[in-house]
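Asker: next comes the sequence, and after it the predicted model I'd like to discuss.
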Amino acid sequence: MLLTDTHTHLYYETDPEKLDILMQRCLDNQVERLFLPNVDIASIAKIDAMVQKYPDHCFAMAGLHPCDVKEDYELVLDEICESIVGREIYAIGEIGIDLHWDKTTLDIQKIAFSEQIKWAKDLNLPIVIHCREAFDEIFEVLEKERDAKLRGILHCFTGNVEQAKQAIDLGFYLGIGGVVTYKKAGLDEVLKEIPLANLVLETDSPYLAPVPFRGKPNESSYLIHIAEKLADIYHTDIEEIAAVTTANSKIIFNI
């Protein structure tokens, strides 16, 4: 069995010994592929260090998180874009729109989102989208950008059936994380209408830990609990969940 965490910030752990322990727990749970979303300039070096330390298991992304889109976003985007040269990058992410914390930056969030979609198309890479309280705004941008090169993952999907189908129609897989294990979230009911073939797994560690660790720091080894929940939803075994979602991740990231 081979599990793939398509979205983890495990690199936030800066203690080398603790990071080794976290990685060993991943391998013990057969979580052997970790994709690392970038959020700002400071995270570039952290991601590179983790990829260098665990080259068989960790894969880098590049992008500016929407919550980090501030007045100086153009300069920040330039620096992140320049950092891509000479590095192995497997996606542009995480990028998108977040209206939970600050609605006043919506206009520049849209501009930054569109600019980074252009990078992805130019580099023939997928995008990994962060969407919080912004489905309409995200879809507005994506519909304008719709073409054969637009593809990727709608990370931490928590929408309804209609939104799921719209994302899939646009060329995206749905990233399913710990929220699917929360009883009142309703995501399990949504997924009953969505084929497993359209899904990938993620933890978004250290956030959104699945049951039975809800409320505690998340880690990539907990991906197995998300896979177990999907096995229940799709009336199959965890090996099938791992096989299908890892195969999907290989299609997306081309590795």
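Answerer: That came through fine.

Asker: can you tell me which strand in this structure is longest?
Answerer: Of all segments of type strand in the chain, defined using DSSP state E, the longest is strand 89-98.

Asker: how far out from the middle of the chain is whichever helix or strand comes after that strand?
Answerer: Once the chain leaves strand 89-98, the next helix or strand it forms, by DSSP states H and E, is helix 106-123. Centre-to-centre, helix 106-123 and its host chain are 17 Å apart (Cα atoms, centre = their mean, to the nearest Å).

Asker: show the end-to-end separation of stretch 51-68, please.
Answerer: 23 Å (Cα to Cα, to the nearest Å).

Asker: packing partners for the longest strand of the chain?
Answerer: strand 58-62, helix 106-123, strand 127-132, helix 135-145, strand 152-154, helix 238-253 (3 or more Cβ pairs under 8 Å, 6 or more residues apart in numbering; DSSP states H and E). Any C-beta I mention is one placed from the backbone N, CA and C, and that applies to glycine too.

Asker: winner for burial among those?
Answerer: strand 152-154 (a mean of 27; mean count of other Cβ atoms under 10 Å).

Asker: could you point out which element follows that one?
Answerer: Downstream of strand 152-154, the next assigned helix or strand under DSSP H and E is helix 161-169.

Asker: now that following helix and helix 135-145, what's the angle there?
Answerer: 20 degrees (axes from the mean of the first three to the mean of the last three Cα atoms, to 10 degrees).

Asker: what packs against helix 161-169?
Answerer: helix 135-145, strand 172-176.

Asker: pull out the buried residues from that helix.
Answerer: Across helix 161-169, burial judged by 16 or more other Cβ atoms under 10 Å covers 163, 164, 166, 167, 168.

Asker: how about the residues you listed in JSON lines, adding pLDDT and distance to residue 126?
Answerer: Compiled in JSON lines, the buried residues of helix 161-169 are given as follows (pLDDT from 0 to 100; distance: Cβ to Cβ, whole Å):
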{"residue": "163", "pLDDT": "98", "distance to residue 126": "19"}
{"residue": "164", "pLDDT": "98", "distance to residue 126": "18"}
{"residue": "166", "pLDDT": "98", "distance to residue 126": "18"}
{"residue": "167", "pLDDT": "98", "distance to residue 126": "13"}
{"residue": "168", "pLDDT": "98", "distance to residue 126": "14"}
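
Asker: so which of those residues is the closest to residue 222?
Answerer: residue 164 (23.2 Å; Cβ to Cβ).

Asker: wait, what's in contact with the closest one?
Answerer: By Cβ atoms under 8 Å, 6 or more residues apart in numbering, the contact set of residue 164 is 157, 174, 190, 193, 194, 198.

Asker: quick one: the nearest residue to residue 172 once chain neighbours are set aside and residue 139, what's the gap?
Answerer: In this structure, residue 172 finds its nearest non-sequential neighbour in residue 154, 4.9 Å apart by Cβ to Cβ, 6 or more residues apart in numbering. According to Cβ to Cβ, to the nearest Å, residue 154 and residue 139 sit 10 Å apart.
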